[in-house]
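Enquirer: Here's a sequence, model it:
(chains A, B, C and D)
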Number of protein chains: 4
Amino acid sequence: MNFASDTTAPAHPNVLQAVLDANDGSAPSYGADLWTDKARQALGTIFETDDIAITFVNSGTAANALALSILCPPDGAILCHENAHINCDERGAPEFYTHGGKLHFLSGAHDLITIRAMAPVLEKMDRHFVHETPVDVLSLSQLSEAGTAYTQEDIKALCALAHKANMHTHMDGARLANALVSTGSSPADMTWRAGVDVLSFGFTKNGAMGAEAIILFGEQAKRLGALEARRKRGGHMPPKQRFVAAQVLAMLQGDLWLSLARQANDAAQALAKGFVEAGAVLQHPVQGNEVFVCLKDGQATALRNAGAQFYDGPDGSARFVTCWNTTSADVQAAVKVLS
Amino acid sequence: MNFASDTTAPAHPNVLQAVLDANDGSAPSYGADLWTDKARQALGTIFETDDIAITFVNSGTAANALALSILCPPDGAILCHENAHINCDERGAPEFYTHGGKLHFLSGAHDLITIRAMAPVLEKMDRHFVHETPVDVLSLSQLSEAGTAYTQEDIKALCALAHKANMHTHMDGARLANALVSTGSSPADMTWRAGVDVLSFGFTKNGAMGAEAIILFGEQAKRLGALEARRKRGGHMPPKQRFVAAQVLAMLQGDLWLSLARQANDAAQALAKGFVEAGAVLQHPVQGNEVFVCLKDGQATALRNAGAQFYDGPDGSARFVTCWNTTSADVQAAVKVLS
Amino acid sequence: MNFASDTTAPAHPNVLQAVLDANDGSAPSYGADLWTDKARQALGTIFETDDIAITFVNSGTAANALALSILCPPDGAILCHENAHINCDERGAPEFYTHGGKLHFLSGAHDLITIRAMAPVLEKMDRHFVHETPVDVLSLSQLSEAGTAYTQEDIKALCALAHKANMHTHMDGARLANALVSTGSSPADMTWRAGVDVLSFGFTKNGAMGAEAIILFGEQAKRLGALEARRKRGGHMPPKQRFVAAQVLAMLQGDLWLSLARQANDAAQALAKGFVEAGAVLQHPVQGNEVFVCLKDGQATALRNAGAQFYDGPDGSARFVTCWNTTSADVQAAVKVLS
Amino acid sequence: MNFASDTTAPAHPNVLQAVLDANDGSAPSYGADLWTDKARQALGTIFETDDIAITFVNSGTAANALALSILCPPDGAILCHENAHINCDERGAPEFYTHGGKLHFLSGAHDLITIRAMAPVLEKMDRHFVHETPVDVLSLSQLSEAGTAYTQEDIKALCALAHKANMHTHMDGARLANALVSTGSSPADMTWRAGVDVLSFGFTKNGAMGAEAIILFGEQAKRLGALEARRKRGGHMPPKQRFVAAQVLAMLQGDLWLSLARQANDAAQALAKGFVEAGAVLQHPVQGNEVFVCLKDGQATALRNAGAQFYDGPDGSARFVTCWNTTSADVQAAVKVLS
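Expert: Below you'll find the predicted structure:
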């Protein structure tokens, strides 16, 4: 009954097999290897475009911070939800990589940014007023920190508003797979076709050992050189990069990444259904692999006594994260405690 | 005949087996796992001290930059050889992680720093003269960029001079294993007993997929909290850290790390011997797994035509790097071309 | 009728005379001059302590950012009001000088921080949780951005709470003089005796050409060397510093600084009284030299047509700032328009 | 006999009078004042171009660091002489303002950069090799730190080489006036017509209290917005900027700046002549207001006993700096000691 985090899950066997297979004699280092090339091609196919540039890193924090560093100047700001991972859980990595760029916060139910919240900020902003920091980037988390998903229409509207204000757009896609499965959108429709300029595309939480892609779409593809320089400078250019790229390839092979996300999402739905039937109240809609539930007195203790691992969400509810390896038995055991 | 770099070598099978073994169900993330604990203990044993604190990252650039970031303030400087990896090959990572700290360069034959070169800099330095940047850290590369090794006596003398000037000391130990094998020193004698405060201890070039330790000795062990904060902030805290720690454990198991370094060093000696017998002149003493040789007209082309991969060293010689998997056949084939 | 800002006011004639007098032949540069010494001594007298270290800069933004840079590490955060000048009006200077430190915001009526708002943040904070940025500094603005003043009891309670949480405390005293006049507190009681560790002490808005002191109290006095290094590095060590120190000396001479603040405060009281008698509603209590008033339709236009200069406050009210040279005629003319 | 530095000199009376005159009632703050406008126009006239953008700061270190910050990205480097002020005397300000940009050093007699020294660096540079930091900016000091002056032909050749390598060019013109007087070149010919993109134009050492201009020529004029943002963020946007601009206006009025530089240069020539006649050997040609002389045993002591103030130059010679207010009596007294 480990619902603590999808970062505690093991890697999928296919991922490890791919790493073993990649350990085949010598190979060019620092990304000049064949696996990196193939992973780039596979991602181009999935995103249905040639107008794309891609690099790889080991952690989601690195992916977000590097992505933001080429979009936001040191004297600029990033518009994000106040509960965004880039604000609450990365120990200031975006500020570090942007050399002191600011985060500008928006509130919003279920940790989602709305046009209503965003528009007034942009209307009030005067890029020529040197004393105030203008917002240069919109960063959306998909899934949000409340486990909710933006629809592709939401993203389209928010990105359009951002672009109209001469901002760039970033998606923290640490759980993009879960959002795609949940909404039924395609990778392309959910990202560049909806106006996303740069994507942090996560595989680690979904079944890799440690592999994330940073994807530059359209005009931003020209910034690959700048991104690579910052990646090296940040210590995020692995000498033996083939072992990172091989993980991505394994995840994409046969749409494993979507299957794994579906397993995790289904487990979350089952868990939520069981909790609700047991009389519990959900704090947020379940649109991915996270269930936020308001527990009554004693319930959290009962669950923990029964061996369940989970964290208290920042909003006072309890957070249960399901993974690709969460079993029905895990779900049933947790539900049983609350019933 | 791949003598391009030890970063092009595959991982040793034991390392991959350890990663497979670590993929055993759920495990706490971000370094709270058992493998991380065990790797710390194993390193404590090897360095024969409890007065030690350790963390892990994926790349040598990250290890160096993070190590330096807790030793050098933004308005300070790092004393290093002008050819040091931290100056020439890390795209400004030390400057990034120290927030603008300066590198102060020393010259020296075979890329080694000497007391003679270092002493005048310290004598001239006035910490109270606010206009000039004082040097706060001495950083030594072991092996040096010329493939040479400091003896433990060299290190002792240099670190003593640095400490007398109220500086801290750092060792870039990307190829520490090769230096230990070559000099016969013990890990403890070569590092903290010789006055090294913080060590970047590399496993990647020696046979891991991607694993480096940052080791804080003595007083510096108290800085682990600060280092961990910067590691997270730099995006270098892997969610599934067990896969990094497991690599280190496999390398330490049965002194595999020393065996692999010995294999590489022996190959380098054989290569150098063959080159010299063929009339070639070595540019630097061979004290690890790198051979720098002055090739005559046509020799480089002949070698490349025969399939040998190697780089031109920054000093005009040709650099041949041997690895744990370099074979006698590789060595003989290269020597034969020159004979 | 210039109520735009106290930064638009001229310098007091005494200040200029002091600058003329300081132009007396050669003098040591970069702060080694006699005027700097005397200004330090005069400030020690005013603050009634020898446990103090002082330096000087040209602008309030520099004073705040430099002060914060020695209190907040790059991976730390500063607790401040969401409307604080350091957040809204300095184009990210604190983030620049702290190398990416974060600002953590509190709400509060009349732009004042309260124990009630601050305590829960500190209770929730876990310094050992590496993913979140802990708050290391409390920064209070005196006057606040709403023109209100903390009492010395307020400051004592807030600083005590901060110190209990192992935080340092900073006061942005750009308008400290106005707060002292308004509350009747002494400089010492309002600052170090109330728990302020580092003070940005402003003279520019109060009648200097461009002169601010950064004052380190108690334990922080030991950090003068670090502050001076950062001041030089920031380009804020004036070669001919005597001309800055001479301004401070002139302001302190015969308590000119308090007289000028009193004149400005009195003008603000008169203006507020007139506005209220004319039926206007004040947005904030008037406790210094700023009047925030909610104007009805047409009133702002009428005032501007009559030649009044003032800005719209960030909260929708109109902001009128009085200066040491605001005349009764200015006040009466403005009131007359509204009557 | 104060030959310590031109930073110890007083301000010229005209400068102070201009400051007094500018203290005329209220004026818009932060550079929106008339004095700033007029100083910009006067500089446009002197540089004979409309293709120019200008801002003002208080110190030369700020001027250099801000200028470099818009020319060099954080992962780039600045090519400069190893003895350049930006390397040796600004406590890392360029590294701070560029967020960790590197300085790449060239040697050269009399602290002058030559084509011969510069060309090989550019030939070896590969902008696409991500591990090494490319050089993005050439920074020339006029006068150099050895008191020597580049001719306009030197500058033209060096800037052409830099531009060919896609670099930008910066001139640290802290003593530009002295170089212009010495070489007879016009401001335009010595700067933008010779290929200088951004100029730090110093007035402080030449007779102002504290005033420097940053001048963007040609294409770089478009970067004024970025420069202003960084100026504010650096704390270098004076609230009462009129007092800085008024100094510049006074210096330009009637070519006072050139007259003052000529006085200082003439004093230096007289001093050098006297020293040489007394048998002393000059270390560098005297091409501005600095004399570097190799003193024999006892001479330095004799001079200091006689009341002369001067510093030891970094090259072992003694440095004598003359100022606008250096008198013939000062010069004669110093020469007499050596005769």
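Enquirer: Tell me how far A:Cys294 lies from A:Val335.
Expert: Applying C-beta to C-beta, to the nearest Å, one obtains 16 Å for the distance of A:Cys294 from A:Val335. To be clear about C-beta, it is placed using only N, CA and C from the backbone, and glycine gets the same treatment.
Enquirer: Neighbour count for those two, which is higher?
Expert: Between A:Cys294 and A:Val335, A:Val335 has the larger neighbour count (other C-beta atoms under 10 Å in any protein chain shown), namely 19 against 15.
Enquirer: For A:Ala318, which residues are in contact?
Expert: A:292-295, A:300, A:303, A:310-312 (C-beta atoms under 8 Å, 6 or more residues apart in numbering or on different chains).
Enquirer: 10 Å instead, please
Expert: Residues near A:Ala318 by C-beta atoms under 10 Å, 6 or more residues apart in numbering or on different chains: A:3, A:275, A:280, A:283, A:291-295, A:299-300, A:303, A:308, A:310-312.
Enquirer: A:Arg304 contacts A:Phe310, doesn't it?
Expert: Yes. Contact status for A:Arg304 versus A:Phe310: in contact at 8.1 Å, counting by C-beta atoms under 10 Å.
Enquirer: Need the residues touching each of these two.
Expert: With C-beta under 10 Å, 6+ apart, A:Arg304 and A:Phe310 have common neighbours A:Met1.
Enquirer: Who has more neighbours out of those two?
Expert: Ranked by neighbour count (other C-beta under 10 Å), A:Arg304 and A:Phe310 place A:Phe310 first, with 21 against 13.
Enquirer: can you give me the helices in chain A?
Expert: Ranges of helices within chain A are A:13-22, A:34-46, A:60-69, A:85-88, A:93-97, A:115-124, A:152-164, A:176-183, A:187-190, A:224-233, A:242-252, A:256-277, A:299-305, A:328-338, based on DSSP state H.
Enquirer: Would you mind listing the buried residues in the longest one?
Expert: Judged by neighbour count (16 or more other C-beta atoms under 10 Å in any protein chain shown), helix A:256-277 contains these buried residues: A:256-272, A:274-276.
Enquirer: Helix A:176-183 and that helix, what's the angle between them?
Expert: Comparing the axes of helix A:256-277 and helix A:176-183 via axes from the mean of the first three to the mean of the last three C-alpha atoms, to 10 degrees yields an angle of 60 degrees.
Enquirer: other SSEs contacting helix A:256-277?
Expert: helix A:13-22, helix A:176-183, helix A:242-252, strand A:281-282, strand A:290-294, strand A:318-321, helix A:328-338 (3 or more C-beta pairs under 10 Å, 6 or more residues apart in numbering or on different chains; DSSP states H and E).
Enquirer: Please repeat the previous calculation with a cut-off of 7 Å.
Expert: Helix A:256-277 sits against helix A:176-183, strand A:290-294, helix A:328-338, with contacts defined as 3 or more C-beta pairs under 7 Å, 6 or more residues apart in numbering or on different chains; DSSP states H and E.
Enquirer: So for A:Val121, which of the ones you listed sits nearest?
Expert: helix A:176-183 (24.4 Å; C-beta to C-beta).
Enquirer: before we move on, back to that, of the helices of chain A, which is nearest C:Ser317?
Expert: Taking C-beta to C-beta, helix A:115-124 is the member of these nearest to C:Ser317, at 15.3 Å.
Enquirer: close to chain C, is that closest one?
Expert: No. Remark: helix A:115-124 sits outside contact range of chain C, by C-beta under 7 Å from any C-beta of the partner chain, the gap being at least 9.0 Å.
Enquirer: Which positions within that helix qualify as buried?
Expert: By neighbour count on 16+ other C-beta under 10 Å, the buried set for helix A:115-124 is A:117-118, A:122.
Enquirer: before we move on, what about stretch A:32-44?
Expert: A:33, A:35-36, A:38-40, A:42-44.
Enquirer: average pLDDT for that stretch?
Expert: Averaged across stretch A:32-44, pLDDT comes to 98.
Enquirer: What's the separation between the spatially most central residue of chain A and chain D?
Expert: Centroid-nearest residue in chain A: A:Ala174, 1.7 Å away (criterion: C-alpha atoms, centre = their mean). A:Ala174 sits 26 Å away from chain D, going by C-beta to the nearest C-beta, to the nearest Å.
Enquirer: beta partners for the closest residue to that residue other than its chain neighbours?
Expert: Spatially, and ignoring its direct neighbours in sequence, A:Ala174 is nearest to A:Gly202 (3.9 Å; C-beta to C-beta, 6 or more residues apart in numbering or on different chains). When assigned by DSSP bridges, A:Gly202 has beta-bridge partners A:Glu212.
Enquirer: Alright, calling it a day.
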